[in-house]
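Engineer: Got a predicted model here, sequence first, then my questions.
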Amino acid sequence: MTYALRQIAVFGCMAALMPLAALAQNAPPPPPVTVAKPVVRDVVDSDEFIGRFEPVDEVSVRSRVGGYLQEIHFQDGALVKQGDLLFVIDQRPFITALNQAKATLEASQSTLVFADAQYKRAQSLASSGSQSAQTLDDRRREFDSAEANVRGAQAAADRASLDMEYTEIKAPLSGRIDRRLISAGNLVQTDQTVLTTIVSLDPIDFYFDVDERRLLNFADTARKLGKDLQQGGGGLDVSVTISDPNAKPFKGKLDFAENRVDNQSGTIRLRARFPNPGLVLQPGLFGRIQVEASNTYQAILVPDEAIGSDQNERVVYVVADDGTVSSKPVRPGPRLYGYRVIREGLDGTETIIVNGVIRARPGSKITPQMTELPKERQDTAPETAGAESGQ
């Protein structure tokens, strides 16, 4: 090949390579992606369950005596105190019965006084030989009978007085009263007719069901504290959130667990008690309770949006020093402090993608934009009860 032809070939190759070099220079930079170090801090696991508030005490108010309802002394739905007058049964028949019982008692007492005098006189005459022993025995029998009659009359008078007291039906406990279930003028049956109900409000109980797996975890935590779960695990701290988004969590303590697991549902019912001075919490109200499920340990926390899926695995995207992306399988745990606990897969020193996961692929490069995650986030929605995704 002549020199001229060689020059033409060299120039031709250079001309062919020039567009490729130009394309490389004009290629866009790797996409910007927000990265951060995972949060590493001491935590205590907590599980969340759905339950319902119930009153500590609840009473169906009934009358201990029968009769016609005469007076009602409360407003429907009012707060009442123990001992407040609620209803009055027509007292006239009971006043008559009480007067009759008192009259019978007075007659019995008069007979006793007479029998006592006769018995003492017989004793005096018998000692001087002027009275037979048989007559003395008769006087003693009459005195004993009169004494017994007084005791019976006294019991009848006490019963009549008690029935008279029962005509005034008073609040057996302090709390919120329901509406009147019967109007004045109706006949009230003894111990049968329900007049109204009263529920206590402060404190208030919260009942929820726990499955066997979490039950064993709670029981183990209680044993490490030297307590029994059935007695509240030593008063484990719990908190409840209600449907009102503006209401702060209510703090209380676990205080009871049933003594056996239900055979059909495989759950056990637990109870927590909450102070309720503002009477915000009402019986029947639903809530979500968070219960500590472990002792303190050091955990690795990442945002939920930093966790992706690769077929049936959960993965976190890790960024190397040169910006290369790789995926690491992880095992997520519960959510704490607004983050997801990572049980396995990370040691806390990695740099992970926390925003813009959709723009990253394993093996590709990104332009990392470093940020620092706060120790706790408040902008996350509550989690489904007791859920741990990816397990």
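Structural biologist: Yep, that arrived.

Engineer: tell me what the helix or strand where residue 289 lies is packed against?
Structural biologist: For residue 289, the enclosing helix or strand under DSSP states H and E is strand 286-292. In terms of contacts (3 or more CB pairs under 8 Å, 6 or more residues apart in numbering; DSSP states H and E), strand 286-292 is packed against strand 46-55, strand 204-211, strand 237-241, strand 267-274. All C-beta spots, glycine's among them, are computed from the backbone N, C-alpha and C.

Engineer: For those, give me a markdown table that also has mean neighbour count, distance to residue 169 and mean pLDDT.
Structural biologist: Listed next are these as a markdown table, based on neighbours: other CB atoms under 10 Å; distance: least, CB to CB, whole Å; pLDDT from 0 to 100:
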| stretch | mean neighbour count | distance to residue 169 | mean pLDDT |
| --- | --- | --- | --- |
| strand 46-55 | 19 | 20 | 87 |
| strand 204-211 | 20 | 25 | 91 |
| strand 237-241 | 20 | 35 | 87 |
| strand 267-274 | 20 | 29 | 90 |
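
Engineer: so which of these gets nearest residue 369?
Structural biologist: strand 46-55 (32.6 Å; CB to CB).

Engineer: okay, the helices and strands packed on strand 286-292 in TSV with distance to residue 183 next?
Structural biologist: What follows is the helices and strands packed on strand 286-292, written out as TSV (distance: least, CB to CB, whole Å):
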stretch	distance to residue 183
strand 46-55	26
strand 204-211	31
strand 237-241	39
strand 267-274	36
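
Engineer: Specify which residues of the stretch 101-250 of the chain, grouped into ranges, have pLDDT under the cut-off.
Structural biologist: Along the stretch 101-250 of the chain, segments meeting pLDDT under 70 span 129-131, 225, 231-234.

Engineer: Tell me where it has helices.
Structural biologist: Counting by DSSP state H, counting those that start in this stretch, the segments of the stretch 101-250 of the chain that form helices are 133-166, 212-224.

Engineer: With mean neighbour count and distance to residue 260 added, can I get those in CSV?
Structural biologist: Formatted as CSV, the helices of the stretch 101-250 of the chain follow (neighbours: other CB atoms under 10 Å; distance: least, CB to CB, whole Å):
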stretch, mean neighbour count, distance to residue 260
helix 133-166, 15, 40
helix 212-224, 16, 11
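
Engineer: Figure out which of those is closest to residue 203.
Structural biologist: Using CB to CB, these put helix 212-224 closest to residue 203, at 21.2 Å.

Engineer: could you check the angle strand 204-211 makes with the closest one?
Structural biologist: 120 degrees (axes from the mean of the first three to the mean of the last three CA atoms, to 10 degrees).

Engineer: From the contact counts, what lies against helix 212-224?
Structural biologist: Against helix 212-224 (3+ CB pairs under 8 Å, 6+ apart) you get strand 267-274.

Engineer: Distance to residue 306 for the helices of the stretch 101-250 of the chain - can I get that in a markdown table?
Structural biologist: Shown next, in a markdown table, are the helices of the stretch 101-250 of the chain (distance: least, CB to CB, whole Å):
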| stretch | distance to residue 306 |
| --- | --- |
| helix 133-166 | 69 |
| helix 212-224 | 26 |
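
Engineer: now for the ones you listed, which one comes closest to residue 87?
Structural biologist: helix 133-166 (10.6 Å).
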